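K.L.:
Structural data only, the sequence is not supplied:
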């Protein structure tokens, strides 16, 4: 799969001015004299300049010549275009959905080159006619998840499902005679020992289980992905020895006689080493020979490996806006960046063979089959917006919801220090939550570049290098609430962790609704609070590398604000939507009051707050129309039909004949 292109700095559009060589020479002399007159600041705290049309935010000749002509520069901020393009893409997505069964069948054949599965007509009636599901055709991720299993016979799939069901942290949802039950073979078929994920999946299929044939679903009890199949086995399945599991899973996993599968790594390997094998032989990850332990051999100081990989660079990195989340980030081509993602350090051993495992989320390269999270489907006080524990129902508006005008402008996050395991140990400081909390807790003497509308009333944008400590005090309210596994934190354990990360008391879910900005970040796996955040009247800033069942149904910059893995743009996100604080405009001061630049009686109004509220409302609307329980059921129903066909020995008979 192609990786998502790296976001590029915005084009800054100005009116061009034709000048001859004499005028240019005159400008250079004038500019030097101007600098001498006003003085060049000797310190970086703070300073400000008008934005010019270059990536480094350094004023150039064309810009200052335009000042001499008394022309107003039209600077195009990238965020409005990102929002407009997102809305257009989503409208196009909705318009192209099939509105009849015949259209849906034709679109299925066009996309996947085969007939739909048997029962497709009943699925269509359930989804479209009974429940008004909007996404009728968008199941490409589902089909990609299942495509590798077409190389296996039905008998082989059934045997593998039974074998993987005997492994640690794998439960079975078994469908027999139109009724589903949950069981754990390893623990003796006791339903009480089955994970909440398996129980949640069983409930999801209750409405249509009588229409389904007998089959099994191995459900992952962990948040992390489990299946990492080597690249060669995926590309050339007929040339490997992994087509016949009749000798048992021990043989498939290359275990020695009498050796048992161990659920955790116990120091003998790690997720990253197995992930590398999923990459093409020509990739940087496969060509990387040194141990990843050598990366930090000079000390355990956190390093920004996204910058090291060339993904961000230069003084304009604070103004790079990601077009979407990084769920297709190519760690194969940027192997050093894996240091910054906790799921590569999970303690749970992965499976290097194509076994069917149904999981709520997965990173790029994993071969798990996606299903909706039980946290999204069920109703609980920790993960459900509007949950009323007294009446045992979900309200449209949460009892703790706050009117938009009374919400705080701070960026809010609370959570535990989860984010990865310790295989190998010593990398906790690099995990996604820790990096964000260190940034938002930073009270050093460093600066950040923040861009905002010229407060003196021109149509220009200006930038200021502002103290990171004042920025964090002004816009951040992020804190850890619980230290999990802090003994593994480098250079001092728990004390070192608390020294550089803010801690605060845990808060109930309803406390989040007091804030306009809600950060949603991965932990050990996907974030289970995302749907609750979307349902609220707050705007969600989401950072993730995980794919989930809905990933192709939701639109970044319309329903939520995507945040890159480096987090550098977050200060400029806030400056655009909420405007500059007083200390920011003071940093600019009279430096923008250049002679000859036309001024307006009133500063320009960007309506950033209204645009932010629009994102919050769009996310809430998406949750109410596309993120419903019935939408999850429609997804799972269609998944069941596809899985039933793969489960069968006669796949032609299990196809829909229109």
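P.N.:
Looks like it came in fine. No experiment lies behind these values; they were computed from the predicted model shown.

K.L.:
okay but residue 489 is in contact with residue 496, surely?
P.N.:
Yes - with contact defined as C-beta atoms under 8 Å, residue 489 reaches residue 496; the gap is 5.3 Å. From N, CA and C alone the C-beta is placed, and that goes for glycine too.

K.L.:
Which of the two has more residues huddled nearby?
P.N.:
residue 489 (24 against 16; other C-beta atoms under 10 Å).

K.L.:
And the pLDDT for that one?
P.N.:
For residue 489, the pLDDT comes out at 90.

K.L.:
helix or strand for the residue nearest to it when sequence neighbours are not counted, which one?
P.N.:
Once flanking residues are discounted, residue 489 sits nearest to residue 497: 4.2 Å by C-beta to C-beta, 6 or more residues apart in numbering. Residue 497 is part of helix 493-500 when elements are defined by DSSP states H and E.

K.L.:
again, but for residue 123
P.N.:
Using DSSP H and E, residue 123 falls in helix 120-124.

K.L.:
Check the burial of residue 553 by counting its neighbours.
P.N.:
What residue 553 shows, counting by other C-beta under 10 Å, is a neighbour count of 20.

K.L.:
And the helix holding residue 123, what's buried?
P.N.:
By 16 or more other C-beta atoms under 10 Å, the buried positions in helix 120-124 come out as 120, 123, 124.

K.L.:
Can you give me the pLDDT of the nearest residue to the last one once chain neighbours are set aside?
P.N.:
Leaving aside its sequence neighbours, residue 124 sits nearest to residue 101 (C-beta to C-beta, 6+ apart; 4.9 Å). At residue 101, the model reports a pLDDT of 98.

K.L.:
now do residue 52
P.N.:
Residue 52 carries a pLDDT value of 30.

K.L.:
just residue 1 next, same as before
P.N.:
Reported pLDDT for residue 1: 44.

K.L.:
Do you have the strands of the stretch 151-300 of the chain handy? List them.
P.N.:
Along the stretch 151-300 of the chain, counting by DSSP state E, counting those that start in this stretch, strands occupy 170-176, 179-183, 215-220.

K.L.:
Put together TSV for those, with mean pLDDT, distance to residue 388 and mean neighbour count on each row.
P.N.:
What follows is the strands of the stretch 151-300 of the chain, written out as TSV (pLDDT from 0 to 100; distance: least, C-beta to C-beta, whole Å; neighbours: other C-beta atoms under 10 Å):
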stretch	mean pLDDT	distance to residue 388	mean neighbour count
strand 170-176	97	29	22
strand 179-183	96	28	18
strand 215-220	98	29	25
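
K.L.:
Turn these into TSV, columns for distance to residue 146.
P.N.:
Converted to TSV, the strands of the stretch 151-300 of the chain look like this (distance: least, C-beta to C-beta, whole Å):
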stretch	distance to residue 146
strand 170-176	17
strand 179-183	19
strand 215-220	12
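
K.L.:
do you know how far the residue positioned nearest the centre of the chain is from residue 329?
P.N.:
The residue lying closest to the centre of the chain (C-alpha atoms, centre = their mean) is residue 544, at 2.3 Å. Per C-beta to C-beta, to the nearest Å, residue 544 is found 10 Å from residue 329.

K.L.:
show me what contacts the residue nearest to residue 489?
P.N.:
417, 428, 434, 483, 486, 489 (C-beta atoms under 8 Å, 6 or more residues apart in numbering).

K.L.:
Just the buried ones from those?
P.N.:
In terms of neighbour count (16+ other C-beta under 10 Å), the buried residues within the contacts of residue 497 are 417, 428, 434, 483, 486, 489.

K.L.:
Tell me which other helices or strands the helix holding residue 123 touches.
P.N.:
Under the contact definition 3 or more C-beta pairs under 8 Å, 6 or more residues apart in numbering; DSSP states H and E, helix 120-124 sits against helix 101-112, helix 629-647.

K.L.:
what's the last one packed up against?
P.N.:
Which is helix 629-647. Judged by 3+ C-beta pairs under 8 Å, 6+ apart, the packing partners of helix 629-647 are helix 120-124, helix 140-146, helix 154-164, helix 196-204, strand 215-220, helix 374-377.
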